[in-house]
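Peer 1: only geometry, no sequence info:
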């Protein structure tokens, strides 16, 4: 499995990956999440043009997972990380998170952040195993508060959600080499 910077041809595949990855929400009583449409090509393009979209690709260079992120306050915020259901449980999501961490370190950002469902096994508990910690309400940054408000307006507030943060080393000297 190789992780590379996303290219425009990946974006429709990202939508298919998101649909596949989201289908499991139906099995836990969250069909609205399973049926939610992925980001549009235009929305995904913004992450690509910012250099903050990565693809995990199989041998034929076809994406099987992706991660998109954006700088928010002092962190690189993980907007979405999705792995196609056929490729789940192979540590691909974790590898994408490490790639994002390398980028954040190179950009001298203090942390990775994300928002996620608290009661979904492959969400908050998974991210805790990846080194993320819950952010107390009082410690939320303005950018994270805005993200949570946007998510609530989109209907995600119907289920318990949380912001999480993974602190990063202060120096890019501690990061792994970035391989494209």
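Peer 2: Received it, and whenever you're ready, just let me know what you need. Keep in mind the model is a prediction, meaning the values are calculated, not measured.
Peer 1: pull out the buried residues from the helix or strand of the chain with the lowest mean pLDDT.
Peer 2: Lowest by mean pLDDT, DSSP states H and E among the helices and strands of the chain is helix 31-35, with a mean of 92. Neighbour counts using 16 or more other CB atoms under 10 Å place residue 33 of helix 31-35 among the buried residues. The C-beta positions use only the backbone N, C-alpha and C, and glycine is treated the same way.
Peer 1: that one: what's the following helix or strand?
Peer 2: Proceeding N to C from helix 31-35, the next assigned helix or strand is helix 41-49, under DSSP states H and E.
Peer 1: report all helices and strands that that next one contacts.
Peer 2: helix 11-22, strand 63-72 (3 or more CB pairs under 8 Å, 6 or more residues apart in numbering; DSSP states H and E).
Peer 1: tell me the angle of the shortest one relative to helix 41-49?
Peer 2: Relative orientation of strand 63-72 and helix 41-49, computed by axes from the mean of the first three to the mean of the last three CA atoms, to 10 degrees: 70 degrees.
Peer 1: please identify the pairing partners of the helix or strand that strand 63-72 is followed by and their relative orientation?
Peer 2: Downstream of strand 63-72, the first helix or strand assigned by DSSP H and E is strand 75-83. Paired strands of strand 75-83, with direction, are strand 63-72 (antiparallel), strand 111-117 (parallel) (DSSP bridges).
Peer 1: any chance of the ones you listed in a markdown table, with distance to residue 40 too?
Peer 2: As requested, the strands paired with strand 75-83 are exported to a markdown table (distance: least, CB to CB, whole Å):
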| stretch | distance to residue 40 |
| --- | --- |
| strand 63-72 | 13 |
| strand 111-117 | 20 |
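Peer 1: thinking again about what came up before, among the helices and strands packed on helix 41-49, which is the most enclosed?
Peer 2: strand 63-72 (a mean of 23; mean count of other CB atoms under 10 Å).
Peer 1: now do that strand against helix 11-22, angle only.
Peer 2: Interaxial angle, strand 63-72 versus helix 11-22 (the same axes, to 10 degrees): 100 degrees.
Peer 1: how far out from the middle of the chain is strand 63-72?
Peer 2: Relative to the chain's own centre, strand 63-72 is displaced by 5 Å; criterion: CA atoms, centre = their mean, to the nearest Å.
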